[in-house]
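Novice: Take a look and give me a structure for this.
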Amino acid sequence: MHTFYLEPENWHTLTLTGNEFHHLSKVLRLKAGEEISLLDGRGKEAICRISGIDKKEAKLTLLAEKMYPEEQSRITLALGWGKAARRGFILEKCVELEAHALWFWQAERSQFPVPKDMKNSWQEQLIAGAKQCKNPYLPEISALSKGVKELIEKSKDFEHKQLLVESDYQHEAFLAEKDLGLKGDTLCVIGPEGGFEESEIEAARKADSARKKLNCLSTRALKHIRSVIGFYDGKQRQSWCLDFTGGTNSKRNNEATSGRIAPP
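Specialist: You can find the predicted model right below:
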């Protein structure tokens with residue numbers, strides 16, 4: 001069954017327009033009477049029947065609907081802004097592996113300035129990934145253009161924070177599953193291609209020195225900062241290893257796809 005995306009604010013219309021309509025009518029050439037899956041990116045999934053198609057839109061009839069609860073363990077990835085070459089891959093894998101949010105932040109060694117506004121193409125890539133893997137939640141994307149101070153301020157309410165550094169830096173431990181399976185919101189911070197400046201690491205440590213929430217962790221594969229990150233769901237619902245250098249080693253158990261809404 002083909003999957004489509006409908007914005008939460010337009011969910012009540014049950015009408016596909018724009019790119020989604022073009023894909024349904026011109027690419028897939030679906031007809032009235034066929035059934036599709038629909039996602040809103042905020043946890044809602046529906047099974048719909050195409051009730052009518054005209055030149056600019058497709059009308060749908062709701063057959064079944066389900067709301068998926070958010071995970072108790074939520075991971076936000078804060079990635080130092082870098083070259084665009086791997087950005088599409090990063091966006092795709094963040095939604096596929098169910099990251100809660102993705103922040104692009106301006107690091108001292110970022111080669112280019114972070115855009116002040118989120119690009120439409122980023123959201124489109126997230127939507128494409130969600131439809132492919134049927135993730136009912138889209139990661140929230142933010143662009144932090146004011147450096148490590150803005151990153152520190154935005155993350156002040158996180159329960160857990162992991163600063164992922166190269167092994168050359170002083171660190172408490174190597175990244176492990178236990179560090180990312182904690183209930184609540186966890187922030188994982190990665191530098192750009194050139195790594196962190198010492199001042200950025202010290203600023204992050206100093207900001208959390210009183211609350212003791214920040215762990216400075218290393219992974220052996222973090223050389224050049226396009227790293228191997230392990231995300232781990234505390235419920236054992238899924239686990240994976242994400243390699244920003246170009247490959248993924250993804251492992252999901254059967255529970256990851258169980259409970260999906262079934263056609264009536």
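
Novice: hang on, residue 143 packs against residue 101?
Specialist: No: assessed by CB atoms under 8 Å, residue 143 is found out of contact with residue 101, at 12.0 Å. Just so you know, the C-beta spots here come from the backbone N, C-alpha and C atoms, and that holds for glycine as well.

Novice: shared neighbours of those two, which are they?
Specialist: By CB atoms under 8 Å, 6 or more residues apart in numbering, residue 143 and residue 101 have no common neighbours.

Novice: ok, residues contacting stretch 111-127?
Specialist: 5, 19, 41, 81-83, 87-88, 91-92, 94-95, 104-106, 138-139, 141-145, 192-194.

Novice: so of the residues you listed, which ones are in strands?
Specialist: If you go by DSSP state E, those have 5, 104, 105, 141, 142, 143, 144 in strands.

Novice: Now do the second one against residue 116, distance only.
Specialist: Taking CB to CB, to the nearest Å as the criterion, residue 104 is separated from residue 116 by 11 Å.

Novice: Now do the shared contacts for these two.
Specialist: Residues touching both residue 104 and residue 116 (CB under 8 Å, 6+ apart): residue 143.

Novice: The two: which has the busier surroundings?
Specialist: The residue with more neighbours, out of residue 104 and residue 116, is residue 104; 24 against 9, by other CB atoms under 10 Å.

Novice: Mind listing the residues bridging to that one?
Specialist: residue 79, residue 143 (DSSP bridges).

Novice: Residue 143 is in contact with that one, correct?
Specialist: Yes: counting by CB under 8 Å, residue 104 does reach residue 143; the two are 5.2 Å apart.

Novice: shaky segments in the stretch 1-150 of the chain?
Specialist: For the stretch 1-150 of the chain, the stretches with pLDDT under 70 are 85.

Novice: would you list every one of the strands in it?
Specialist: Applying DSSP state E, counting those that start in this stretch to the stretch 1-150 of the chain gives strands spanning 3-5, 15-16, 35-39, 44-53, 58-67, 73-80, 101-105, 140-144.

Novice: for the first one, packing partners?
Specialist: So the one you mean is strand 3-5. If contacts are counted by 3 or more CB pairs under 8 Å, 6 or more residues apart in numbering; DSSP states H and E, strand 3-5 sits against strand 35-39, helix 120-133.

Novice: hey, which of those is tucked in deepest?
Specialist: Highest mean neighbour count among the helices and strands packed on strand 3-5 (mean count of other CB atoms under 10 Å): strand 35-39, with a mean of 20.

Novice: ok, that strand: who's next to it in the sheet?
Specialist: strand 3-5 (parallel), strand 44-53 (antiparallel).

Novice: contacts for that strand?
Specialist: Identification of contacts with strand 35-39 by CB under 8 Å, 6+ apart yields 1-6, 24, 30, 45-50, 60, 63, 130-131, 134-136, 261, 263.

Novice: Generate a ChimeraX selection restricted to the buried entries among these.
Specialist: Provided next is the ChimeraX selection string for whichever of these are buried by 16 or more other CB atoms under 10 Å:
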select :4,5,6,24,30,45,46,47,48,49,50,60,130,131,135,136,261
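
Novice: Which one of the strands paired with strand 35-39 lies nearest to residue 165?
Specialist: Closest to residue 165 of the strands paired with strand 35-39 is strand 3-5 (CB to CB; 36.6 Å).

Novice: what's the offset of the closest one from the middle of its chain?
Specialist: Computed by CA atoms, centre = their mean, to the nearest Å, the chain-centroid distance of strand 3-5 equals 17 Å.
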